[in-house]
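Participant: have a look; sequence and predicted model below, questions after that.
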Amino acid sequence: MWSLLEDADDHGIAEEVEAAISRHEREGARRSRRCGLADELPTRSVPVGVCSLNCEAACRIALETHDLAADVDAIVGRDSVATHKPDPEPLLATIEAIGVDPADAVFIGDSPRDKKTAKRAGVAFEYV
């Protein structure tokens, strides 16, 4: 996907391609399944943030669809900051938004890219 976005930028159609990808992500968020571990969110007394390669709007839709929006303190999507994972900026922005020191944070992810992001940010990592 990243090469597609870069190629689109080179051809002056980045906005159109980003809009199409984001539209697809928002539709997918409405049809997504709730992760069983999500049931634990309301029971946790720690700040929670979402750092995603999806657009921020899709993240918000998924959280609202699954009644989790009130349990999440910050959302950083692909379009929220200038860079994307595995650059550490999105994760560090999420951690800053929830008011936690990176040394005290744990990034829970589902991909090698997430693990690499955590390592670059100096943040502990666990797979979902």
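Facilitator: Perfect, I can see it now. Values in this document were obtained by computation on a predicted structure and should not be read as measured data. Residues are numbered from 1 along each chain as shown.

Participant: what comes up buried for stretch 74-90?
Facilitator: The neighbour-count check on stretch 74-90 (16 or more other Cβ atoms under 10 Å) flags 74-78, 80-81, 84-86, 88-90 as buried. For glycine as for every other residue, the C-beta is placed from the backbone atoms N, C-alpha and C.

Participant: mind checking which of these are in helices?
Facilitator: Of those, the ones assigned to helices by DSSP state H are Glu89, Pro90.

Participant: so which one among the buried residues of stretch 74-90 has the lowest pLDDT?
Facilitator: By pLDDT, His84 ranks lowest within those, coming in at 90.

Participant: need the contact list for the residue lying closest to it once chain neighbours are set aside.
Facilitator: Excluding the flanking residues, the one nearest His84 by Cβ to Cβ, 6 or more residues apart in numbering is Arg78, at 5.2 Å. Counting by Cβ atoms under 8 Å, 6 or more residues apart in numbering, Arg78 touches Ser52, Leu53, Asn54, Cys55, Glu56, His84, Pro90.

Participant: now Val48
Facilitator: Shown in contact with Val48 (Cβ under 8 Å, 6+ apart): Leu41, Asp71, Val72, Asp73, Ile98.

Participant: pLDDT check: weakest of the contacts of Arg78?
Facilitator: At the low end of pLDDT for the contacts of Arg78 is His84, which has 90.

Participant: hmm, that residue is touching Leu91, no?
Facilitator: No: here His84 lies out of contact with Leu91, judged by Cβ atoms under 8 Å, at a distance of 10.5 Å.

Participant: what's the top helix by length along the chain in contact with?
Facilitator: In the chain, assigned by DSSP H, the helix with the most residues is helix 14-31. Residues outside helix 14-31 that contact it (Cβ under 8 Å, 6+ apart): 1, 4-5, 8, 54-55, 57-59, 61-62, 65, 79.

Participant: select from those every entry located in helices.
Facilitator: Using DSSP H, the members of these that fall within helices are Leu4, Leu5, Ala8, Ala57, Ala58, Cys59, Ile61, Ala62, Thr65.

Participant: farthest-separated two in those?
Facilitator: Spatially, the most separated pair among those is Ala8 and Thr65, at 28.3 Å (Cβ to Cβ).

Participant: ok, of the contacts of helix 14-31, which come out buried?
Facilitator: Burial by neighbour count, 16+ other Cβ under 10 Å: within the contacts of helix 14-31 this picks out Ala8, Asn54, Cys55, Ala57, Ala58, Cys59, Ile61, Ala62.
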